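Asker: what follows is a predicted protein model with its sequence.
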There are 2 protein chains.
Amino acid sequence: MDEFDSIARLFRPLAEGAPEALGLLDDAALLPGRPGYELVVTTDTMVEGVHFLKGDPPELVARKLLRVNLSDLAAKAADPYGYLLTAAWPKGWDEPRRAAFARGLADDQATFGLKLFGGDTVSTPGPLSLGATLFGWVQAGRMVRRAGARVGDLLYVSGTIGDGRLGLAAAQGVFEGSAEDRAYLAGRYRLPEPRLGLRDALARYATAAADVSDGLLADAGRIAEASDVGVEIDLDRLPLSAAARRSGATLVDLATGGDDYEVVCSVRPDLAAAFEGEAKASGLPVAWIGRVTEGEGVSPRLEGQPVPTARTGWRHG
Amino acid sequence: MDEFDSIARLFRPLAEGAPEALGLLDDAALLPGRPGYELVVTTDTMVEGVHFLKGDPPELVARKLLRVNLSDLAAKAADPYGYLLTAAWPKGWDEPRRAAFARGLADDQATFGLKLFGGDTVSTPGPLSLGATLFGWVQAGRMVRRAGARVGDLLYVSGTIGDGRLGLAAAQGVFEGSAEDRAYLAGRYRLPEPRLGLRDALARYATAAADVSDGLLADAGRIAEASDVGVEIDLDRLPLSAAARRSGATLVDLATGGDDYEVVCSVRPDLAAAFEGEAKASGLPVAWIGRVTEGEGVSPRLEGQPVPTARTGWRHG
């Protein structure tokens, strides 16, 4: 029954004010319908040593878990609603660490307007394994999908690209650079910023969108696959942070690294200026990086010339 | 991108015919509303070596994963709708084992009318970790909760109690008994039967219900806690399988073992006969095992006398 006590103490406060959670006293959560809306559901799993580092502070791990899922909701133009949590705790994850983890959840629940609806916690002989299933609302028929890009659309990306990969190196202590750059990049890796501020602009203007979690080329490639089109990306146009620019990493490296948690999307060319304007007005400028073409897959370009696939180390699924 | 290929080959067929899944090509699943209904959501995690045995056949592990969650939906009187899958694969879980796992999912999807809506698969240096989040529909306001038991209600349980604990021992090869009993009990542990056939009877007559996953006393205790009442259970009344009766296990052992996946519920005394009749007509007889009282917690009794808590090895949360 220790598990049950721990749930009560640590997690019940996270469900306060959410009738959906039934006080975490039931077998299930209960989600009422919302006329005119649909429920967007996304789930991401994180394993210690694979998706975060063994020594990472529990608060930050908790916040990253919510944020990687919020990033999916942002790309779908969905309003965050609530979540289920699953945790398989190893022996070493004692009460103080679990409490710190719960504090991280509480912080980001407040930041992003989320409530805990339920979940399951178990023990494991392996590394800490975490999962979150997030729910968000969209007006019926208005979710921005990966399928929907049309030939002639322009391709955009939010924020800066490649910081996730460099940030992992920085967090591992193997990034050569100034202390300031290391701190900035490690922060980008440990605590991504879901681009929820772009929701209105995406809902109004994007024909397709995805979050950039596995690398820009991979995720743009999934838009291409789902939309049955090709995508050309001008790597020279990639928006880079000052730290990434100073890093000496190649554009191909930056476009194939994971963990950026930006949004890549396609927009009709006649609406592109309006989209750029609305994104900028929301405080999250977007950069034009390419276009949707006939054909299939992603075609990265440098100085107007195709980059051979062998150089990108990437093939489409 | 191997992960992505593997998803396409193994899991996309499981999502066929489910528009909610968007072909598993998107960042999220999209659940439309259903006027007059609410969505019941439950999630359970299973770790190799904790919730199933290392050598268990992948098909059976997959089916158990769905069934332990379906058992929660059954206790809530919800109609199964669809699910999200999360899997953290260790290195040893190669393509043939993953394919066998997917076959198990397909089998039980067909049996229970479920579709795969989405999920996330990652790799892990630890043991196989699985999670499923199941969705079910209930008519608005009609979910059977843990809260709702009232003083004077009678307590019922479906099926037989204690087979899960004995079945674990049988599956581990440490159960002394006939080959037939060992096979029956191991089967009960490896492949529980979610009591979905009781949905109508529960929806109509139960004031509260829960699934029996952590042991009858523990799960009845959660009804007591959620309902702010006490529960008395006559251990002499426990429905036992012939194999459990032959096992020589004590009634307290059987009432405190996990993995039974039966339904425990409370029913108004004047409706008890009707409930028993409807359950029997649905092919899933229920047994009267106790009553709801003033006070708190679970009070097991033997021959009309309280069983000291120390003997049950169980304390309430």
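Answerer: All right, it came through fine.
Asker: show me what contacts the residue of the stretch 1-150 of chain A found nearest chain B?
Answerer: Residue of the stretch 1-150 of chain A nearest chain B, by Cβ to the nearest Cβ: A:Gly126 (2.0 Å). Bear in mind the C-beta positions are built from the backbone N, C-alpha and C, glycine included. Shown in contact with A:Gly126 (Cβ atoms under 8 Å, 6 or more residues apart in numbering or on different chains): A:Ala88, A:Pro90, B:Val47, B:Thr124, B:Pro125, B:Gly126, B:Pro127, B:Ser129.
Asker: up against chain B, what does the stretch 101-250 of chain A have?
Answerer: Within the stretch 101-250 of chain A, the positions adjacent to chain B are A:117-127, A:129, A:131, A:133, A:136, A:138, A:140, A:143, A:145-147, A:210-211, A:218, A:222, A:225-226 by Cβ under 8 Å from any Cβ of the partner chain.
Asker: so who does A:Thr42 touch?
Answerer: Applying Cβ under 8 Å, 6+ apart to A:Thr42 gives the contacts A:Asn69, A:Asp72, A:Leu73, A:Lys76, A:Thr133, A:Leu134, A:Gly136, B:Asp27, B:Ala28, B:Ala29, B:Gly118.
Asker: please name the nearest non-neighbouring residue to A:Leu154.
Answerer: A:Ala272 (5.0 Å; Cβ to Cβ, 6 or more residues apart in numbering or on different chains).
Asker: just confirm that neighbour is within a strand.
Answerer: No - A:Ala272 is assigned helix when assessed by DSSP: H, G, I helix; E, B strand; the rest coil, not a strand.
Asker: and it, what does it touch?
Answerer: Each residue near A:Ala272 by Cβ under 8 Å, 6+ apart is listed here: A:Leu154, A:Tyr156, A:Trp288.
Asker: number of residues surrounding the first one?
Answerer: In terms of burial, A:Leu154 registers 20 neighbours under the definition other Cβ atoms under 10 Å in any protein chain shown.
Asker: what's the pLDDT at it?
Answerer: pLDDT recorded at A:Leu154 is 98.
Asker: beta partners for it?
Answerer: Per DSSP bridges, the residues bridged to A:Leu154 are A:Val267, A:Arg291.
Asker: do I have it right that it meets A:Arg291?
Answerer: Yes - counting by Cβ atoms under 8 Å, A:Leu154 does reach A:Arg291; the two are 5.6 Å apart.
Asker: how about the CA coordinates for stretch A:7-19, as PDB?
Answerer: This file holds the C-alpha atoms of stretch A:7-19, laid out as PDB (Å, rounded to 0.1, in the frame of the first residue of the first chain):
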ATOM      1  CA  ILE A   7       0.000   8.700  -4.800                       C
ATOM      2  CA  ALA A   8      -2.200  10.400  -2.200                       C
ATOM      3  CA  ARG A   9       0.500  12.600  -0.800                       C
ATOM      4  CA  LEU A  10       2.300  13.500  -4.000                       C
ATOM      5  CA  PHE A  11      -0.100  13.400  -6.800                       C
ATOM      6  CA  ARG A  12      -3.600  14.200  -5.400                       C
ATOM      7  CA  PRO A  13      -2.800  17.900  -5.000                       C
ATOM      8  CA  LEU A  14      -2.000  17.900  -8.800                       C
ATOM      9  CA  ALA A  15      -5.600  16.800  -9.500                       C
ATOM     10  CA  GLU A  16      -7.300  19.300  -7.300                       C
ATOM     11  CA  GLY A  17     -10.000  21.300  -9.000                       C
ATOM     12  CA  ALA A  18     -10.300  18.700 -11.800                       C
ATOM     13  CA  PRO A  19     -13.600  16.900 -11.600                       C
END
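Asker: does it come close to chain B?
Answerer: Yes - for stretch A:7-19 and chain B, the contact criterion (Cβ under 8 Å from any Cβ) is met by A:Ala8.
Asker: from the chain's centroid, how far away is that stretch?
Answerer: Centroid separation for stretch A:7-19 versus its chain: 25 Å, with Cα atoms, centre = their mean, to the nearest Å.
Asker: and it, average pLDDT?
Answerer: Averaged over stretch A:7-19, pLDDT sits at 91.
Asker: and for that stretch, what's in contact with it?
Answerer: Stretch A:7-19 is contacted by residues A:21, A:23-24, A:30, A:82, A:85, A:98-99, A:102, A:105-106, A:109, A:115-119, A:121, B:317 when judged by Cβ under 8 Å, 6+ apart.
Asker: which residues of chain A fall in strands?
Answerer: Remark: strands assigned in chain A by DSSP state E are A:29-31, A:37-47, A:79-89, A:115-123, A:129-139, A:154-158, A:206-212, A:230-234, A:262-267, A:286-293, A:297-302, A:305-306.
Asker: and those strands, which is most packed in?
Answerer: Among those, the stretch with the highest mean neighbour count (mean count of other Cβ atoms under 10 Å in any protein chain shown) is strand A:262-267, at a mean of 30.
Asker: tell me the mean pLDDT for that strand?
Answerer: Rounded mean pLDDT across strand A:262-267 is 98.
Asker: equivalent analysis for stretch A:241-258, please.
Answerer: Stretch A:241-258 carries an average pLDDT of 96.
Asker: ok, now stretch A:46-65?
Answerer: 94.
Asker: please save the CA atoms from that stretch in CSV.
Answerer: Taking C-alpha atoms only, stretch A:46-65 is exported to CSV below (Å, rounded to 0.1, in the frame of the first residue of the first chain):
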residue,chain,number,x,y,z
MET,A,46,10.9,9.1,-21.7
VAL,A,47,13.5,6.7,-20.4
GLU,A,48,16.4,7.7,-18.1
GLY,A,49,19.6,7.5,-20.1
VAL,A,50,17.8,7.6,-23.4
HIS,A,51,15.6,10.7,-23.3
PHE,A,52,17.2,12.5,-20.4
LEU,A,53,20.4,12.1,-18.4
LYS,A,54,20.8,10.1,-15.3
GLY,A,55,21.7,13.1,-13.1
ASP,A,56,19.1,15.5,-14.4
PRO,A,57,17.1,17.2,-11.6
PRO,A,58,13.7,15.5,-11.1
GLU,A,59,11.9,18.9,-11.4
LEU,A,60,13.3,19.4,-14.9
VAL,A,61,12.6,15.8,-16.0
ALA,A,62,9.0,16.3,-14.9
ARG,A,63,8.7,19.6,-16.8
LYS,A,64,10.3,18.2,-19.9
LEU,A,65,7.9,15.3,-19.8
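Asker: what's the offset of it from the middle of its chain?
Answerer: Here stretch A:46-65 shows a centroid-to-chain-centroid distance of 15 Å under the convention Cα atoms, centre = their mean.
Asker: and the contacts of that stretch?
Answerer: The contact list for stretch A:46-65 (Cβ under 8 Å, 6+ apart) reads A:44-45, A:68, A:90, A:97-98, A:100-105, A:107-108, A:127-132, A:171-172, A:190-192, B:88, B:122-126, B:129.
Asker: how about that stretch: buried residues?
Answerer: Buried residues in stretch A:46-65, counted by 16 or more other Cβ atoms under 10 Å in any protein chain shown: A:46-48, A:50-53, A:56, A:58-65.
Asker: pick out the most distant pair among those residues.
Answerer: Across the buried residues of stretch A:46-65, the longest distance by Cβ to Cβ is 19.5 Å; it joins A:Val50 and A:Glu59.
Asker: contact partners for A:Ala224?
Answerer: A:Ala149, A:Gly230, A:Val231, A:Val292, A:Glu296, A:Gly297, A:Val298, A:His316.
Asker: and which of those is nearest chain B?
Answerer: Taking Cβ to the nearest Cβ as the measure, chain B sits nearest to A:His316 out of the contacts of A:Ala224, at 7.6 Å.
Asker: one step back: nearest to B:Leu284 among the contacts of A:Thr42?
Answerer: Closest approach to B:Leu284 among the contacts of A:Thr42 (Cβ to Cβ): A:Thr133, at 30.2 Å.
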